[in-house]
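Engineer: Please work out how this folds:
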Amino acid sequence: MTHIRINLISAFKRLEGAYAPNTIKSYYADVTQFVDWCDAKDFSAFPLDDKVLVEFIEAHQFTLKYATVRRKLAALRRINSLLGCPDVAHSQEFHLALRRMRRGQSAERRQARGINEDLLLRMIAAQPRTLTGTRNRALLSLGYDFLARRSELTALEVGDVKFTEGGGLRAVIRRSKGDQFGRGRLVYGSRRSAKHLRAWLRCLPGGGGLIFRAVGGGKVLDRPLCGRSVSNIVKLSVVKARGARPRECEVSGHSLRVGAAQDLLIRGHDISAIMRAGGWDSVRVVSNYLRLAEHNIWE
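Structural biologist: Predicted coordinates:
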């Protein structure tokens, strides 16, 4: 193992506890990719050199998205600082390379399509009458009602959810991508969600712990459901409901969240209420989700 890689391991250990595990994982992937690229080019990765960064941008201007490169550059600067290296002073060539990359790519972002309530009900109805189907019905229903991210769904625990006298439910999402310090967000579920969640909770052994877990061999496993599994459940459920497989970019684990936000907008809720419901801090991000709300995008 090279000296730089030993130093990188030490730098990443310093991030533990201060950043979310997924953030550290993303930083690690971005930095190691850069180090590998530098090794192949016989460049020194750290301290960061502006000329090397310019060449890195130009080498990836047609293979990576502009936003991806900006994220990688932010990760590199953070690790550069943790390694005790001076901050790099960006030249005009650096800024021109970034600007050239941005102008050379389409401004149109590939946005996951929203799953509105009508499609959601069809997806729930299409689930098999099995243990897996019972879990998936609860997951789909809560994902829509809570405007939840994949990571928020997989982190939900039985104690986070309370059934209300009116037949619905309320829950606390204790930590999320937009809430790194754990202030928490109160969310509410419909009678539909309460019914499907009750059915799933009756299947859980022990009566506590994480709500959404893996299923195998006809029983609930002591293993949490991962974010990738949530995405796969959503995608396969769309196929079951519509009888046609969408393009890969059309559906993601966020599609429930997007569709719920779009439905709230159509029903007359203002953007501030939607931001509170979904735990968004940025109006710009929410606007990207809502801009297709008036179109029947699945027909």
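
Engineer: CA atoms for contacts and neighbours, from now on please.
Structural biologist: Will do.

Engineer: Does anything pack onto the helix or strand containing Gly259? Which helices or strands?
Structural biologist: Secondary structure assignment for Gly259, by DSSP states H and E: helix 255-266. Helix 255-266 is packed against helix 117-125, helix 131-145, helix 271-278, helix 283-290, with contacts defined by 3 or more CA pairs under 8 Å, 6 or more residues apart in numbering; DSSP states H and E.

Engineer: What segments of this protein are strands?
Structural biologist: 161-163, 169-173, 185-189, 213-216, 219-224 (DSSP state E).

Engineer: JSON lines please, covering the helices and strands packed on helix 255-266 and showing distance to Leu83.
Structural biologist: Formatted as JSON lines, those follow (distance: least, CA to CA, whole Å):
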{"stretch": "helix 117-125", "distance to Leu83": "48"}
{"stretch": "helix 131-145", "distance to Leu83": "40"}
{"stretch": "helix 271-278", "distance to Leu83": "37"}
{"stretch": "helix 283-290", "distance to Leu83": "33"}
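
Engineer: These into TSV, with extra columns for distance to Ile233, mean neighbour count and mean pLDDT?
Structural biologist: Formatted as TSV, the helices and strands packed on helix 255-266 follow (distance: least, CA to CA, whole Å; neighbours: other CA atoms under 10 Å; pLDDT from 0 to 100):
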stretch	distance to Ile233	mean neighbour count	mean pLDDT
helix 117-125	10	17	94
helix 131-145	7	22	96
helix 271-278	21	17	82
helix 283-290	21	15	72
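
Engineer: Would you mind finding the longest helix in this structure?
Structural biologist: If you go by DSSP state H, the chain has its longest helix at helix 21-41.

Engineer: Mean confidence (pLDDT) on that helix, please.
Structural biologist: Computed over helix 21-41, the mean pLDDT rounds to 89.

Engineer: what comes up buried for it?
Structural biologist: With burial defined by 16 or more other CA atoms under 10 Å, the residues of helix 21-41 counted as buried are 24, 27-28, 30-31, 34-35, 37-38.

Engineer: Tell me which residues are up against that helix.
Structural biologist: 12, 15-16, 44-45, 72, 75-76, 79 (CA atoms under 8 Å, 6 or more residues apart in numbering).

Engineer: which one of those residues sits closest to Phe146?
Structural biologist: Of all the contacts of helix 21-41, Glu16 has the smallest distance to Phe146: 28.8 Å, by CA to CA.

Engineer: Report the separation between Val88 and Ala11.
Structural biologist: According to CA to CA, to the nearest Å, Val88 and Ala11 sit 18 Å apart.

Engineer: residue ranges with poor pLDDT in the chain?
Structural biologist: Across the chain, the ranges flagged by pLDDT under 70 are 1-5, 106-112, 176-182, 244-250, 289, 291-299.

Engineer: rewinding a little: what about the helices and strands packed on helix 255-266, which gets the closest to Leu221?
Structural biologist: Checked against CA to CA, the stretch from the helices and strands packed on helix 255-266 lying closest is helix 131-145, at 11.4 Å.

Engineer: Against the centre of this structure, work out the most remote residue.
Structural biologist: Distance from the centre of the chain peaks at Asp42, with 34.9 Å (CA atoms, centre = their mean).

Engineer: quick one: it from Lys51, how far?
Structural biologist: From Asp42 to Lys51 the distance is 14 Å (CA to CA).

Engineer: just Ser151 next, same as before
Structural biologist: 38 Å.

Engineer: In terms of neighbours, single out the busier of those two.
Structural biologist: More crowded of Ser151 and Lys51, by other CA atoms under 10 Å: Ser151, with 18 against 13.

Engineer: about what we covered before: distance to Leu140 added to the buried residues of helix 21-41, as TSV?
Structural biologist: Putting the buried residues of helix 21-41 into TSV (distance: CA to CA, whole Å) gives the following:
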residue	distance to Leu140
Ile24	28
Tyr27	30
Tyr28	31
Asp30	32
Val31	35
Phe34	38
Val35	40
Trp37	41
Cys38	43
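
Engineer: Can you tell me which of those residues is nearest Asn136?
Structural biologist: Ile24 (29.6 Å).

Engineer: Let me know the distance separating that closest one from Cys226.
Structural biologist: 17 Å.
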